[in-house]
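[1] This is a predicted model, with the sequence first.
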Amino acid sequence: MFEQVEELVREHADLEKQLADPQIHADQAKARTLGRRYAELGPIIAAYDEWRRTAGDLAAARELADEDSSFRTEIPDLEALQDSRAETLRLLLIPRDPNDDKDVIVEIKAGEGGEESALFAGDLLRMYLRYAERQGWKTEMLDANESDLGGYKDATVAVRGKRDPMPWSRLKFEGGVHRVQRVPVTESQGRIHTSAAGVLVMPEAEEVEVEIDPNDVRVDVYRSSGPGGQSVNTTDSAVRLTHVPTGIVVSCQNEKSQLQNKESAMRILRARLLQAAQEEAEAEASAARKSQVRTVDRSERVRTYNFPENRISDHRVNFKAYNLDQVLDGDLDAVVQALADADAAAQLGTYE
């Protein structure tokens, strides 16, 4: 089961040798890449050494058991320890998501349901902001288009972390259509309505990861729009970027400065281009890849928020809990962990 570990042991030794070479550190980007991979392999190598050491102790105990009965009594404990260390190693061998140490950009878009959908999009935005606060992450609003009743037609927020867990490792499971069932504030007869909002989560790309040729980007400026605000409709501060080769369009109007809006739009564009490149590569490697939301359709949902029953249901893992009020206040750990566990179990199947 662990034949591949020998290859990782050789890679780890080679990385150690490279990192000891002062010339490598002249290229800081390369040194960081090698350092991250070396640190990533460290726990696997340590677990493998422990497993091999236990296997050696078990083999020795079995060999000496016929001569000394005290060794025979150690065998069951050593067998249990070897099984435990084998399971630890097997878990560490689950392919690691290369983006797990990245920050993210989260886009939330209102879908079917009109004003009620925009209010729900606002609820989701606040939920993620509060979850980020609980995790000790920093957030930055990159763009927002408010609705008349205080919701959001769309909103884009950057989430940054400095230590594990990093934002992508937890928020990557949030992409999809989120459905809400409740009595809207606009409903006069008390009837429960269903509406939806879409969430797209992208790893934030560093400039060195995605190079954008300025000649490939068309820049349009226009006057910002939205409810209230002194700068609304007075200056051409809003920016729309069109990446001509891919057709990706990004708009930002959250800042008063045209330059700030352009910088925010470029960050979003880099993240979208990185995601598109990764999706293409993963699609070629695995036809079974789970895709994020493409259309905000109520029938194509990943999660339902039922207000009358105070219930949250994630349909991908059959998760159900009756603490919706706490979840909307940022207590997302249980549902996120259920999704992470299901993802790990699915990948473990490749080693069965």
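    Thanks, I have the structure now. Residues are numbered from 1 along each chain as shown.

[2] can we go C-alpha only for contacts and neighbour counts from here?
    Will do.

[3] Would you mark the buried spots in stretch 3-11?
    By neighbour count with 16 or more other Cα atoms under 10 Å, stretch 3-11 contains the buried residues 5, 9.

[4] Actually, stretch 67-79.
    71, 75, 78-79.

[5] Likewise for stretch 124-141?
    Within stretch 124-141, judged by 16+ other Cα under 10 Å, the buried ones are 124-125, 127-132, 135, 137, 139, 141.

[6] Then stretch 10-20?
    In stretch 10-20, counting by 16+ other Cα under 10 Å, buried: 12, 15, 18-19.

[7] send the alpha carbons of that stretch over as CSV?
    Only the C-alpha atoms of stretch 10-20 are listed here, as CSV (Å, rounded to 0.1, in the frame of the first residue of the first chain):
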residue,chain,number,x,y,z
ARG,A,10,13.7,10.2,-2.3
GLU,A,11,12.0,13.5,-3.2
HIS,A,12,12.2,14.7,0.4
ALA,A,13,16.0,13.9,0.5
ASP,A,14,16.5,15.7,-2.8
LEU,A,15,14.6,18.8,-1.6
GLU,A,16,16.7,18.9,1.5
LYS,A,17,19.8,18.9,-0.6
GLN,A,18,18.5,21.6,-2.9
LEU,A,19,17.4,23.8,0.0
ALA,A,20,20.9,23.5,1.5
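
[8] tell me how far it is from the chain's mean position?
    29 Å (Cα atoms, centre = their mean, to the nearest Å).

[9] contacts for that stretch?
    24-25, 31, 34-35, 38, 41-42, 45 (Cα atoms under 8 Å, 6 or more residues apart in numbering).

[10] The same query, at a cut-off of 7 Å, please.
    Identification of contacts with stretch 10-20 by Cα atoms under 7 Å, 6 or more residues apart in numbering yields 24, 34, 38, 41.

[11] in what helix or strand does Glu187 lie?
    Assigned by DSSP states H and E, Glu187 falls within no helix or strand.

[12] ok, now how distant is it from Gln258?
    Counting by Cα to Cα, to the nearest Å, the separation of Glu187 from Gln258 is 39 Å.

[13] So which of the two has more stuff around it?
    Comparing Glu187 with Gln258 by other Cα atoms under 10 Å, the one with more neighbours is Gln258, at 20 against 12.

[14] Now the more buried one: closest residue in space that isn't a chain neighbour?
    Among residues not flanking Gln258 along the chain, Ser237 sits closest, at 4.2 Å (Cα to Cα, 6 or more residues apart in numbering).

[15] Then Ala205?
    Ala271 (4.9 Å).

[16] Who is Val159 paired with across the strands?
    Val104, Thr139 (DSSP bridges).

[17] Next up, the contacts around it.
    Taking Cα under 7 Å, 6+ apart, one finds 103-105, 137-140, 167 in contact with Val159.

[18] Would you map the helices across the chain?
    Secondary structure of the chain (DSSP state H): helices located at 3-19, 28-64, 69-92, 114-135, 167-171, 258-285, 324-328, 333-348.

[19] Val157 is nearest to which of those?
    For these, the distance to Val157 is smallest for helix 114-135, at 8.5 Å, taking Cα to Cα.

[20] Just want the angle from that closest one to helix 333-348.
    80 degrees (axes from the mean of the first three to the mean of the last three Cα atoms, to 10 degrees).

[21] returning to what we had before: for my notes, please list the helices of the chain in JSON lines and give distance to Val244 and mean pLDDT for each entry.
    Listed next are these as JSON lines, based on distance: least, Cα to Cα, whole Å; pLDDT from 0 to 100:
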{"stretch": "helix 3-19", "distance to Val244": "40", "mean pLDDT": "90"}
{"stretch": "helix 28-64", "distance to Val244": "29", "mean pLDDT": "90"}
{"stretch": "helix 69-92", "distance to Val244": "42", "mean pLDDT": "89"}
{"stretch": "helix 114-135", "distance to Val244": "29", "mean pLDDT": "95"}
{"stretch": "helix 167-171", "distance to Val244": "28", "mean pLDDT": "93"}
{"stretch": "helix 258-285", "distance to Val244": "12", "mean pLDDT": "82"}
{"stretch": "helix 324-328", "distance to Val244": "38", "mean pLDDT": "97"}
{"stretch": "helix 333-348", "distance to Val244": "35", "mean pLDDT": "87"}
